[in-house]
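1. here is my input, please return the structure:
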Amino acid sequence: MKRILKSLYVQVLIAIFTGIVLGYFFPAFAVKLKPLGDAFIKLIKMMIAPVIFCTIVTGIAGMQDIKKVGRVGLKAILYFEVVSTLALIIGLITINLLHPGTGINANLATIDATQVQGYVASSHTGGVVSFLTHIIPENIVDALDKGELLQVLFFAVLFGFGLSKIGVKAQPILKGIQSLSEGLFAVIGIIMKVAPLGAFGAMAFTIGQYGVGTLASLAKLMGTFYLTCILFIFLVLGLIMRLYGYRIIRLLSLIKEELLVVLGTSSSEAGLPGLMRKLE
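-> Numbering: from 1, shown residues only. The predicted model follows:
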């Protein structure tokens, strides 16, 4: 029993359930627990950029063969485009069959427009050229500081190519980055020990702030969302994994802790470092 309770999976599950109960019976107190969820997400976000940098650099530099890197990159882009298109098709079919927004009848006049002004402004200044030039960082320290993942990824790819070009001379730096990567994942292991606390605070705040009744009115929308995800996971990813001799159920069993953390905190970023470690 003691060994079971030590499992992160069980701890997060208990934390989510406890957060729901607390938010329902003591909403005023539950709302004050929001900083717990926010702090956990910030801890995870703190690690994402350096983890991605180290992973990409060691991956590309370790291949040595530039042509092989190019082939892998081309396959990755092709895979991303094809699978993303399939995901869009499944989403369009599901939403047109179920119409999850029907009956909500939201009054647009009551919506606080200030909450979306940032998105509106960014859409006006967008464009392909602006997007491409933004990928190039002013400097890598600034990109890491601001958590600009595309900029970090761009520099990591270039740096990885550079290390692969100089061969043996790159080994001291490469070993240092590999050691740094191990240290970062060790820190993530420490942070994940407080994942139940973060999931508890986030779930308690959500139920306490919005109430079970308010969340229930969105049940059809969320049900449609999760149905779409399930269809994509089992039909698309499941088939792809099956073609390469893997089973989707085994993968989901392996990453169940990260899935629960994402569910409890409502942030996919919270599960990214752990997912990268386990998938590697």
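2. contacting residues around whichever strand or helix holds Met276?
-> Using DSSP states H and E, the element containing Met276 is helix 272-279. Identification of contacts with helix 272-279 by CB atoms under 8 Å, 6 or more residues apart in numbering yields 44, 47-48, 51-52, 55, 185, 188, 192, 254-255, 257-258, 261. Every residue, glycine included, has its C-beta placed from N, CA and C.
3. and it, how far from the chain's centre?
-> 10 Å (CA atoms, centre = their mean, to the nearest Å).
4. over to stretch 178-187?
-> 19 Å.
5. in what helix or strand does Arg71 lie?
-> Here Arg71 is assigned to helix 66-98, by DSSP H and E.
6. related to what we said a few turns ago, in helices only, show me the contacts of helix 272-279.
-> 44, 47-48, 51-52, 55, 185, 188, 192, 254, 257-258, 261 (DSSP state H).
7. show the buried residues in these.
-> Among the ones in helices among the contacts of helix 272-279, those classed as buried by 16 or more other CB atoms under 10 Å are Ile44, Met47, Ile48, Val51, Ile52, Thr55, Phe185, Ile188, Met192, Glu257, Glu258, Val261.
8. so who does the last one touch?
-> The one in question is Val261. Contacts of Val261 (CB under 8 Å, 6+ apart): Val12, Met192, Ala195, Gly198, Ala199, Ala270, Gly271, Gly274.
9. hmm, try it at 6 Å
-> Val12, Ala195, Ala270, Gly271 (CB atoms under 6 Å, 6 or more residues apart in numbering).
10. what comes into contact with stretch 10-24?
-> Contacts for stretch 10-24 (CB under 6 Å, 6+ apart): 4, 30, 195-196, 199-200, 203-204, 207-208, 212, 260-261, 264.
11. picking that back up, tell me which of the contacts of Val261 fall in helices.
-> Short answer: the contacts of Val261 in helices (DSSP H) are Val12, Ala195.
12. nearest to Lys34, of the contacts of Val261?
-> Ala270 (14.9 Å; CB to CB).
13. that closest one: how many residues sit nearby?
-> Neighbourhood size, Ala270 [other CB atoms under 10 Å]: 27.
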